[in-house]
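A.B. asks: predicted model and sequence below, questions to follow.
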Amino acid sequence: MTELHSTADAPLKVVLVLTVSPADRHLEADREEEMRSLLKTAGCEVVGVAKQHLQKPVGSTYIGTGKLEEVRQLCEAGGAEEVVFDAELTPSQERNIEKHVCCSVVDYTALILHIFAANARTHQAKLAVELAQLEHNRSRLKRLWSHLDRIKAGMNMRGPGEKQLEVDRRLVDQRIQDLKAKLRDIEHRKERTIASRRDVFKVCLVGYTNAGKSTTMNALTDANVLAEDKLFATLDTRTSRLEIDPTRTMVISDTVGFIRKLPHKLVASFHATLAEVIEADLLLHVVDASLPTMEEQIEAVEEVLEHIEAQNVPTIMVFNKIDKPHSKTIVLAFQRRYRGSVGISATTGDGLDDLRQTVIAAAHAQVKRIQLRIGIADGATAAFVRSRATVLEEDYLEDAALLTIEADDRLRSELASNQAIEILPDPDNQVDFKF
């Protein structure tokens, strides 16, 4: 259960191991830069880099024995205390590598969890990170008790090491269950909070870490969200009122940034936080337009959105940092690929008016006027409709109430599945908010 250990005064010296497939060699420089940024955020100093282009990992040690010897020599030369891999390792691989390099080994998942733990501020974020850490480290508990030997052999004769391991594992399992229960309670409260905003248009910022989501939110609102030029500066969801359209009530939420190979355990632990994404009416996918790896970062974010089943939420691509040096031709090509996308600079304000108008148009485009027929005695269904939609007109027949309402796509789908409601065509055949 190896973890990174460093202080502000004495950064931890580490050797970085990059394992890029031959097909992705063109991404190696960007991968190294990203790993260096992660390690800097974790308070580490890179004293050596070993690279190996793997078609597939070596079963027992992930990298070959020759490369392991190179890593060992880099550790000795640089006085490294730990070796950090850019890949997820199994517990046995970590043990075998440590035997070869005579140094502690940290895999990619442990590195990300370490950074999340350092940046967690709220009770919810701390619980989520602790849960992910325990689930990641549970299979590594045996390494904590390697100094305890079995004092007797034979059936039913167990030594103190095995007993302690069993006790420790039970404690970890119990803590995992407790954390899951607490996070479920938080998720239920989140669901109630989100449900209370049914009549509010919900916008959510998503994107790769350090793409500028928090800066964009600060530029659109007075939320004063923490915005730093470092990875995973924001872990907690922050919601603020979006004052851009007097005809609609809107809120905007900032969420945790995504990254390539984001550990699934971490995504699962942060499910309550990511509920804002799943329940959003509109996503603003913020992309750092100054980077040559835009496409790979977009794909990484879309993979996470698909994993949490938010891939069908309407999305506007927001290409941020257009004030920085970059290829305008490439950005224009991406904007043509993603229709309705917007280029902005959250720091200078360029393009923010276009973004506001695009959000307004998207909000209005989702709302249509429909007429419902509800049984005259069905007060519960009528009350449900009034709680979820703006009622424009009411009319009453002998056996039914006719309600003309404004409803977005999600509400229309929900109403269509309700057998107590009959959706009629709008008497004037009108659709509001055409742009």
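C.D. replies: Alright, I've got the coordinates. Numbers count the residues shown, from 1 in each chain.
A.B. asks: could you list the low-pLDDT ranges of the protein?
C.D. replies: Along the chain, segments meeting pLDDT under 70 span 1-9, 142-164, 194-199, 223, 225-236, 269, 271-273, 327, 425-435.
A.B. asks: separation between the residue most central in space within the chain and H307?
C.D. replies: Centroid check for the chain by C-alpha atoms, centre = their mean gives F258 as the closest residue, at 4.4 Å. Distance, F258 to H307, by C-beta to C-beta, to the nearest Å: 10 Å. No exception for glycine: its C-beta is placed from N, CA and C like everyone else's.
A.B. asks: can you give me the domain assignment for this structure?
C.D. replies: 12-115, 120-193, 199-364, 367-424 (automatic domain parsing).
A.B. asks: just give the number of residues close to the closest residue to L266 other than its chain neighbours.
C.D. replies: Nearest residue to L266, sequence neighbours excluded (C-beta to C-beta, 6 or more residues apart in numbering): A132, at 4.7 Å. Neighbours of A132 under the rule other C-beta atoms under 10 Å: 24.
A.B. asks: just the one 3 residues further on next, same as before
C.D. replies: Burial of E135 is recorded as 20 neighbouring residues (other C-beta under 10 Å).
A.B. asks: and it, what are its phi and psi?
C.D. replies: The phi/psi pair for E135 (degrees, to the nearest 10) reads phi -70, psi -40.
A.B. asks: what's the nearest residue to it if we skip its chain neighbours?
C.D. replies: Distance criterion C-beta to C-beta, 6+ apart; nearest residue to E135, sequence neighbours excluded, is K265 at 5.0 Å.
A.B. asks: now that neighbour: which helix or strand?
C.D. replies: Assigned by DSSP states H and E, K265 falls within helix 264-269.
A.B. asks: what's around the residue nearest to A219 when sequence neighbours are not counted, how many residues?
C.D. replies: Of all residues not flanking A219 in the chain, A346 sits nearest, at 4.7 Å (C-beta to C-beta, 6+ apart). The number of residues packed near A346 is 26, by other C-beta under 10 Å.
A.B. asks: check for me that A346 belongs to a strand.
C.D. replies: No: going by DSSP: H, G, I helix; E, B strand; the rest coil, the assignment for A346 is coil, not a strand.
A.B. asks: mind listing what the closest residue to P22 other than its chain neighbours touches?
C.D. replies: Among residues not flanking P22 along the chain, H53 sits closest, at 4.8 Å (C-beta to C-beta, 6+ apart). When contacts are counted by C-beta atoms under 8 Å, 6 or more residues apart in numbering, H53 touches 19-22, 25.
A.B. asks: next, format these as CSV and append neighbour count and distance to D408.
C.D. replies: Converted to CSV, the contacts of H53 look like this (neighbours: other C-beta atoms under 10 Å; distance: C-beta to C-beta, whole Å):
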residue, neighbour count, distance to D408
T19, 19, 46
V20, 20, 44
S21, 12, 43
P22, 8, 48
R25, 12, 46
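A.B. asks: just the ones of those in strands?
C.D. replies: Using DSSP state E, 19-20 are the members of those that sit in strands.
A.B. asks: between the contacts of H53, which is nearest L74?
C.D. replies: Nearest to L74, judged by C-beta to C-beta, of those is T19 at 15.0 Å.
A.B. asks: I'd assumed I63 was in contact with the closest one.
C.D. replies: Yes: counting by C-beta atoms under 8 Å, T19 touches I63, with 6.4 Å between them.
A.B. asks: any residues in contact with both of those two?
C.D. replies: Going by C-beta under 8 Å, 6+ apart, residues that sit against T19 and also against I63 are 52, 54, 57.
A.B. asks: show me the strands in the protein, by range?
C.D. replies: Applying DSSP E to the chain gives strands spanning 12-20, 44-53, 82-85, 104-106, 201-207, 238-241, 250-254, 282-288, 315-320, 342-343, 368-375, 390-396, 400-407, 421-424.
A.B. asks: strands paired with the third one, and their directions?
C.D. replies: Pointing back at strand 82-85 there. Next to strand 82-85 in the sheet, as set by DSSP bridges, lie strand 12-20 (parallel), strand 104-106 (parallel).
A.B. asks: closest one to E45 among these?
C.D. replies: strand 12-20 (5.3 Å).
A.B. asks: now the closest one against strand 44-53, angle please.
C.D. replies: Per axes from the mean of the first three to the mean of the last three C-alpha atoms, to 10 degrees, the angle that strand 12-20 makes with strand 44-53 is 20 degrees.
A.B. asks: starting at the chain centroid, how far to strand 12-20?
C.D. replies: 24 Å (C-alpha atoms, centre = their mean, to the nearest Å).
A.B. asks: go on, stretch 65-82?
C.D. replies: With C-alpha atoms, centre = their mean, you get 33 Å for stretch 65-82.
A.B. asks: cool, and stretch 358-366?
C.D. replies: Going by C-alpha atoms, centre = their mean, where stretch 358-366 is centred and where its chain is centred differ by 25 Å.
A.B. asks: which helices and strands does the helix holding K265 pack with?
C.D. replies: helix 108-119, helix 123-137, helix 294-307 (3 or more C-beta pairs under 8 Å, 6 or more residues apart in numbering; DSSP states H and E).
A.B. asks: quick one: contacts for A416?
C.D. replies: I423.
A.B. asks: still on that earlier bit, take the helices and strands packed on helix 264-269 and write them to a markdown table, including distance to P314.
C.D. replies: What follows is the helices and strands packed on helix 264-269, written out as a markdown table (distance: least, C-beta to C-beta, whole Å):
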| stretch | distance to P314 |
| --- | --- |
| helix 108-119 | 29 |
| helix 123-137 | 27 |
| helix 294-307 | 12 |
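A.B. asks: among those, which comes closest to Y338?
C.D. replies: helix 294-307 (8.7 Å).
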